[in-house]
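> missing the sequence, but the structure's below:
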Ligand SMILES: Cc1cc2nc3c(=O)[nH]c(=O)nc-3n(C[C@H](O)[C@H](O)[C@H](O)COP(=O)(O)O)c2cc1C
């Protein structure tokens with residue numbers, strides 16, 4: 001039994017869609033909790049005015065009856081309210097009538113650091129919008145919705161996942177104001193902590209099963225993430241072994257947690273800690289040098305409404321990505337078609353290893 005996630009949707013298209021397969025039947029979902037996470041994703045200092053247009057709300061098209069999962073694929077849907085301004089420009093079918101609204105003219109000025117140039121080369125697009133619409137981080141709205149579902153499942157086995165901007169490297173309001181005044185952008189660091197993860201999720205058997213590799217891929221899979229570390233990560237490289245490893249107490253707990261809760265690709269019962277570095281966002285109000293793809297002449301890159309910083313939003317998205325991957329590993333370990341089977345398998349396992357949650 002595993003959990004899987006498929007998504008579809010463009011930034012200014014009609015909607016974003018996620019299909020979550022492999023949930024047990026009988027999991028109670030709380031619409032307000034999913035919407036609260038969607039709204040957390042829209043907040044943070046330095047976001048663009050688009051966040052005032054969008055008030056994301058989840059809709060469920062399948063897999064749920066009276067608030068309980070049916071054990072069938074769960075189809076989640078988040079509308080792009082901004083689509084009303086792009087109806088012609090982002091019409092799925094050949095548009096009717098005169099061009100109106102946004103997105104009617106082809107974009108030919110690729111932004112350094114975005115999907116624009118490589119994406120257009122790869123797919124053979126003359127209008128860069130065909131690449132940037134899907135590459136955009138608007139897509140992360142449904143990652144957050146799916147993550148909220150994963151968190152509901154994890155709560156049943158007393159696992160709690162929380163993401164936050166790094167207190168020193170999280171783009172504070174003064175730094176954001178200064179960057180905005182310079183028409184520039186910022187990146188930063190976020191940290192996700194998962195408490196209550198039992199020992200034994202993931203496996204050392206292969207790259208595909210290693211929990212550290214899976215979490216790194218899940219978080220690196222988010223737009224603008226350029227570095228991921230588990231526990232003390234890069235800092236461990238500069239230490240001696242005697243300073244780096246977490247000694248084992250008689251109760252099998254650790255006095256320290258430099259490993260970030262994972263050894264040999266397997267959770268060890270300590271908090272799972274994942275950090276991600278976000279690069280400065282690529283859309284600059286004072287654009288960088290580029291080329292006009294139509295004329296081949298030097299040009300300034302596309303300027304489009306954009307965030308100055310999205311570090312706090314990334315914390316919410318990374319939380320969702322980590323939660324989803326942990327839920328997937330838990331489904332693999334504890335299985336079960338009904339939620340009760342899943343929880344009973346978790347209880348029996350904790351009993352076998354004589355593990356009590358701290
Ligand atoms: C929550 C979030 C919001 C983002 N908002 C913007 C934005 O407003 N403008 C922008 O240029 N990039 C934004 N990005 C980053 C781009 O989507 C990303 O840099 C781009 O797709 C290229 O992918 P890469 O950075 O992973 O190489 C955002 C990323 C995240 C995670």
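Received it, and whenever you're ready, just let me know what you need. These numbers were taken from a predicted model, which means no experiment stands behind them. Numbers count the residues shown, from 1 in each chain.

> what parts of the stretch 51-200 of the chain come near the ligand?
Contact residues (Cβ under 6 Å from any ligand atom) of the stretch 51-200 of the chain with the ligand: 113-115, 135-137, 140. C-beta coordinates here come from the backbone N, C-alpha and C atoms, glycine included.

> which of those residues sits closest to residue 59?
Nearest to residue 59 out of those is residue 140 (Cβ to Cβ; 17.4 Å).

> once you drop chain neighbours, what's closest to that closest one?
Of all residues not flanking residue 140 in the chain, residue 317 sits nearest, at 4.4 Å (Cβ to Cβ, 6 or more residues apart in numbering).

> could you do residue 157 as well?
residue 346 (4.6 Å).

> and the helix or strand harbouring that neighbour, what does it pack against?
Using DSSP states H and E, residue 346 falls within helix 339-352. For helix 339-352, the packing partners by 3 or more Cβ pairs under 8 Å, 6 or more residues apart in numbering; DSSP states H and E come out as helix 311-334.

> in the helix it packs on, what counts as buried?
The neighbour-count check on helix 311-334 (16 or more other Cβ atoms under 10 Å) flags 311-334 as buried.

> stretch 137-156 too?
137-154, 156.

> beyond the helix or strand residue 38 falls within, next helix or strand please.
Per DSSP H and E: residue 38 is located in helix 31-42. The helix or strand immediately downstream of helix 31-42 is helix 50-53, counting by DSSP H and E.

> show the average pLDDT along that following helix.
Regarding helix 50-53, the rounded mean pLDDT is 73.

> now what about that helix, what contacts it?
42-43, 81-82, 85, 305 (Cβ atoms under 8 Å, 6 or more residues apart in numbering).

> out of those, which is nearest to the ligand?
residue 305 (7.7 Å; Cβ to the nearest ligand atom).

> neighbours around that closest one, how many?
12 (other Cβ atoms under 10 Å).

> again, but for residue 231
Neighbour number of residue 231 under other Cβ under 10 Å is 23.

> report the spatially closest residue to it, excluding sequence-adjacent ones.
Closest to residue 231 by Cβ to Cβ, 6+ apart is residue 260, at 2.3 Å.

> isn't the one you found right up against residue 228?
No: taking contacts as Cβ atoms under 8 Å, residue 260 lies outside contact range of residue 228: 10.9 Å.

> the more surrounded of the two?
Between residue 260 and residue 228, residue 260 has the larger neighbour count (other Cβ under 10 Å), namely 25 against 20.

> and the helix holding residue 346, what's buried?
339, 341-343, 345-346, 349-350.

> mind pulling up the pLDDT for the residue nearest to residue 157?
98.

> list the contacts of it.
Residue 346 touches 157, 198, 330, 334, counting by Cβ under 8 Å, 6+ apart.

> those: which two are farthest apart?
198 and 334 (9.4 Å).

> gap between the residue of the stretch 1-150 of the chain found nearest the ligand and residue 6?
The nearest approach of the stretch 1-150 of the chain to the ligand comes at residue 137, 3.3 Å away (Cβ to the nearest ligand atom). In this view, residue 137 and residue 6 are 18 Å apart by Cβ to Cβ, to the nearest Å.

> can you check residue 319 too?
In terms of Cβ to Cβ, residue 319 sits 20 Å off from residue 6.

> quick one: buried residues of stretch 294-302?
For stretch 294-302, by 16+ other Cβ under 10 Å, it's 299, 301-302.

> so is residue 199 in a helix, a strand, or just coil?
Secondary structure, DSSP: H, G, I helix; E, B strand; the rest coil: residue 199 is coil.

> show me the shaky parts of this protein.
Flagging of the chain using pLDDT under 70 yields the residue ranges 357-358.

> tell me the contacts of the most centrally placed residue in it?
Nearest residue to the geometric centre of the chain (Cα atoms, centre = their mean): residue 317, 3.4 Å. Contacts were defined as Cβ under 8 Å, 6+ apart; by that measure residue 317 touches 41, 137, 140, 143-144, 147, 163, 222.

> kindly report the same for residue 321.
143, 147, 218-219, 221-222.

> same question, residue 99
Residue 99 neighbours (Cβ under 8 Å, 6+ apart): 88-89.

> quick one: secondary structure of it?
On the three-state scheme (three-state DSSP), residue 99 is labelled coil.

> phi, psi of it?
The phi/psi pair for residue 99 (degrees, to the nearest 10) reads phi -60, psi 130.

> now it: how far from residue 86?
11 Å.

> mind listing the helices for the stretch 51-200 of the chain?
When assigned using DSSP state H, counting those that start in this stretch, the helices of the stretch 51-200 of the chain occupy the ranges 116-123, 129-135, 140-155, 173-181.

> show me the one of these that comes nearest residue 72.
helix 140-155 (13.4 Å).

> kindly tell me how buried residue 207 is, as a neighbour count.
Count around residue 207 with other Cβ under 10 Å applied: 9.

> perfect, that will be all.
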